[in-house]
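Student: here's a sequence, model it:
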Amino acid sequence: MTDETTATDKDSLLNEAAREYRALHEAIHGLNEEHMTEVWLGTWSITEIIAHMSGWHREMGPALERMTRGDRPVPAGVSYDDVDAWNAKFATVARATSVADLLLELDKSHEYFLRAAAGVPADRFQPGKTAFKIVDLNSAHHYREHGGQIRAWRATRGV
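Tutor: So this is what the prediction gives:
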């Protein structure tokens, strides 16, 4: 692939992340605190969904920064094999944090994550490569997945 093509892959992925983030915000727009804290996705409410997305941003941002420096994304001794345990760890933040602060943290962590992604060389963003996977799974894919779940829940509740 040419530099122009890989830059397009990177730009396209980052633009998709921005679009899906906006769609996620639209999915939660107008919900009150009671809606945001109602448990409906297993043991999670929207607040746990938000906290776990922020957690992944904060966890994977440094991985992207390491890639920018030419280092391995995951430090020695760290494993993400037990995704459920990581999700539970990140979601527990919701219990001790206000809805307003969770939403603010989501915005901040999203901005941080995309800044970290922007620093990674464009040639690392070919589909199937690590940077592409990290960014897609923790932004556009994640926002689309949970935004869709929230929209479906809203439809069943009429909110």
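
Student: C-alpha from now on. contacts and neighbour counts both.
Tutor: OK.

Student: low-confidence ranges in the chain?
Tutor: For the chain, the stretches flagged by pLDDT under 70 are 1-7.

Student: show me where the chain has strands.
Tutor: For the chain, strands defined by DSSP state E do not occur.

Student: for the helix with the most length in it, which positions count as buried?
Tutor: The single longest helix within the chain, with elements called by DSSP state H, is helix 3-28. Within helix 3-28, the residues that count as buried by 16 or more other CA atoms under 10 Å are 6-10, 13-14, 16-18, 20-21, 23-24, 27-28.

Student: which secondary structure elements does it contact?
Tutor: Packed against helix 3-28, as judged by 3 or more CA pairs under 8 Å, 6 or more residues apart in numbering; DSSP states H and E, are the following elements: helix 99-119, helix 130-137, helix 140-157.

Student: most tightly packed of those helices?
Tutor: Of all the helices and strands packed on helix 3-28, helix 130-137 carries the top mean neighbour count, a mean of 20, counting by mean count of other CA atoms under 10 Å.

Student: in this structure R124 contacts F132, no?
Tutor: Yes. Under the criterion of CA atoms under 8 Å, R124 makes contact with F132 at 6.9 Å.

Student: list the residues that contact G147.
Tutor: Residues near G147 by CA atoms under 8 Å, 6 or more residues apart in numbering: 23-24, 27.
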